[in-house]
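> Quick one: sequence and predicted model below, then my questions.
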Amino acid sequence: MITSPAWKGKRYAVLGLARSGRATVRALLASGAEVLAWDSDAGKREAFAGQVELADPVEADLSGFAGVIVSPGVPLNTHPIKPHADSYGVPVIGDIELFAQARADLPPHKVVGITGTNGKSTTTALVHHILKTAGVPTTMGGNIGLPILEQEPLPEGGVYVLELSSYQIDLTYSLDCDVAVLLNITPDHLDRYDGDFEKYAASKARLFEMQTGEKCAVCRAQDWWHGQKVGEKAGGKYLEVFDDVFHQWQDVPSAIGIQEQSRWHALQGPHNLENAEAAIATGFLLDLSAQQIRQGLETYPGLPHRMERVAEICGVAYVNDSKGTNTAASAPALAAFDNIHWILGGLAKEPGLGECEAQLGHVKAAYTIGEAGEMFAQALEGAQVHLDGVERCLTLDKAIKSAAANAESGDTVLLSPACASFDQFRDFEERGDRFRSLVQELSERPAA
């Protein structure tokens, strides 16, 4: 695990003992810190009985504490822990901030921080894979993989690649990334920002504001930042804006071309081209060669639930894009295929079809599920693009059964719900796993 002498002898409170909270407690204890910890789940509290003081920080006297570490899932705009800690002058932070504090005592290394509304996980995993393929010591963490404090420190020359949600950035104050990447900003999670899109975007921008010296920033100048002086938002640091990264690098005028995307098997579609552009820019900023980057792009295996091709049955492709939890995330998946039988619906984050409406020409038929099913069905029936049919299926199993019955060789059955999953599933992973198992059942049925 990652520890730090900076925490020795200090007192910390940890609120939430899920995966990252447990790793945080262990790292603090191993560093010689005193810990007060709490979780509403008695079983999670019991795991630390005798090792820490078990008490709710919201009700505790926090005088003399060095920090309160909370899960990114704790809404700072509504949870009582923030005003309570503020009354004692104690910062509310996350495990990423602890990692930032520990960096001074780690072997010399670099950190890549990647944020954005959509594409973070793919880009983070892709950068990590490119580095690993090139023989660079690397690990990934943050909003992906193991908690960063649970991982072993990298040797000298290593690169930590962190996926960072706006929530994690909100809990971080000293993460000075060597390369900071902003992929995009579209409306999402606005309940955490009092419905204010600019507050949400400003949270993302803080990743650049924490950079010092001649650190590198990579940003697609669009959405909230469009038309503004992006360099000023980055504190005046060096900024590489990528719109066509293939033509920006003087030493690689055509070494990595857009025509090569057909060889990046897990990176199809226009949105994955943008993710690849970000990864290519990051690779060059980390002094990798074009050939090293190319090798990583061509061997990247992809991530579960992100345009994951799970099967082909009778010439029909079945694609799991359960991570498409808003319309901006699902629209690129629609753009990547033709003759789509689209399964969508769940717990809507926004009204209407949003960015998906521009991609309906790729859709052959639609099957709506979940709480937002009726809203989507009406929107699709009222759209200007003709579909072969819109079926109100309510559940995922019925939608897959109907789509499989209607699809023909050359078609694609695509789960890209454009919604959160919480109305019917624990999370998007469970929804995607269910899709995969239902498709597997289809493949095992004897031919008619």
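In hand now; what should we look at? No experiment lies behind these values; they were computed from the predicted model shown.
> ok, how many other residues are close to the closest residue to Ala104 other than its chain neighbours?
Among residues not flanking Ala104 along the chain, Ala6 sits closest, at 7.4 Å (CB to CB, 6 or more residues apart in numbering). Using the backbone N, CA and C atoms, a C-beta is placed for each residue, glycine as well. By the criterion of other CB atoms under 10 Å, Ala6 has 16 neighbours.
> same check, this time on Val90
When neighbours are counted by other CB under 10 Å, Val90 registers 21.
> My guess is it contacts Phe65. True?
Yes - with contact defined as CB atoms under 8 Å, Val90 counts as touching Phe65 (4.8 Å).
> any shared contact partners between these two?
Between them, Val90 and Phe65 share these contacting residues under CB atoms under 8 Å, 6 or more residues apart in numbering: Ala13.
> thinking again about what came up before, shouldn't the residue nearest to Ala104 be in contact with Phe99?
No - contact criterion CB under 8 Å: Ala6 and Phe99 do not qualify, at 11.4 Å.
> Relative to Ile343, how far out is the residue nearest to Ala104?
Separation of Ala6 from Ile343 (CB to CB, to the nearest Å): 49 Å.
> try Leu303
According to CB to CB, Leu303 stands 19 Å off from Ile343.
> Give me the more crowded residue out of those two.
Ile343 (25 against 16).
> Could you list the low-pLDDT ranges of the stretch 251-400 of the chain?
In the predicted model, the stretch 251-400 of the chain carries pLDDT under 70 at residues 251-255.
> Show me where it has its helices.
For the stretch 251-400 of the chain, the helices defined by DSSP state H, counting those that start in this stretch occupy 270-285, 290-299, 327-335, 373-381, 396-406.
> List the buried residues for stretch 151-166?
151, 153-154, 158-166 (16 or more other CB atoms under 10 Å).
> Domain ranges for the chain, per the record?
5-93, 101-299, 308-442 (automatic domain parsing).
> which one of the buried residues of stretch 151-166 is nearest Pro270?
Nearest to Pro270 out of the buried residues of stretch 151-166 is Glu163 (CB to CB; 21.0 Å).
> contacting residues for that closest one?
114-115, 120-121, 123-124, 140-144.
> again, but for Gly195
Counted by CB under 8 Å, 6+ apart, Gly195 has zero contacts.
> circling back to that earlier point, so which of the buried residues of stretch 151-166 are in strands?
158-163 (DSSP state E).
> so which of those comes closest to Asn272?
Glu163 (16.0 Å).
> right, and Val413 touches Leu344 too?
No - between Val413 and Leu344 there is no contact under CB under 8 Å: 12.0 Å.
> how close does Gly382 sit to Met375?
11 Å.
> what does stretch 355-366 rub up against?
So stretch 355-366 is in contact with 186, 327-328, 330-331, 334-335, 337-344, 353, 376-377, 379-380, 383, 385, 387-391, 403, 406, 411, 418, going by CB under 8 Å, 6+ apart.
> same thing with stretch 60-69?
With CB under 8 Å, 6+ apart as the test, stretch 60-69 has contacts from 7, 10-15, 21, 24, 33, 36, 57, 81, 84-85, 88, 90-95, 97-98.
> what does stretch 72-87 give?
Against stretch 72-87 from outside (CB under 8 Å, 6+ apart): 15-16, 20, 57-58, 62, 68, 70, 91-92, 94, 143, 165, 167-168, 170-171, 191-194.
> before we move on, back to that, which of the buried residues of stretch 151-166 lies closest to Gln292?
For these, the nearest to Gln292 is Val159 (12.9 Å; CB to CB).
> how deep is Ala205 tucked in, by neighbour count?
Every residue meeting other CB under 10 Å relative to Ala205 is counted, giving 21.
> Is it located within a helix, as I assumed?
Yes - per DSSP: H, G, I helix; E, B strand; the rest coil, Ala205 lies within a helix segment.
> From Cys219, how far out is it?
9 Å.
> Name the SS class of Gly113, please.
Gly113 ends up strand, using three-state DSSP.
> and the spatially closest residue to it that is not a sequence neighbour, helix, strand or coil?
In space, and not counting its chain neighbours, Gly113 is closest to Cys177: 3.9 Å by CB to CB, 6+ apart. Here Cys177 is coil, with the state taken from three-state DSSP.
> Could I get the contacting residues of Val112?
Neighbouring residues of Val112 by CB under 8 Å, 6+ apart: 127, 159-162, 177-181, 282, 286.
> and if you look at Ala399?
By CB under 8 Å, 6+ apart, Ala399 lies in contact with 343, 367-369, 391, 393.
> Check Ala266 too.
272, 300-302, 307.
> of those, buried ones?
272, 300, 302, 307.
> Please identify which of those residues is nearest to Gly50.
Once CB to CB is applied, the member of the buried ones among the contacts of Ala266 that ends up nearest Gly50 is Gly302, at 43.5 Å.
> so that closest one makes contact with Glu308?
Yes - between Gly302 and Glu308 there is a contact under CB under 8 Å: 6.3 Å.
> if we can go back for a sec, out of the contacts of stretch 355-366, which end up buried?
For the contacts of stretch 355-366, a burial check counting by 16+ other CB under 10 Å picks out 186, 327-328, 330-331, 334-335, 337, 339-344, 353, 376-377, 379-380, 383, 387, 390-391, 403, 406, 411, 418.
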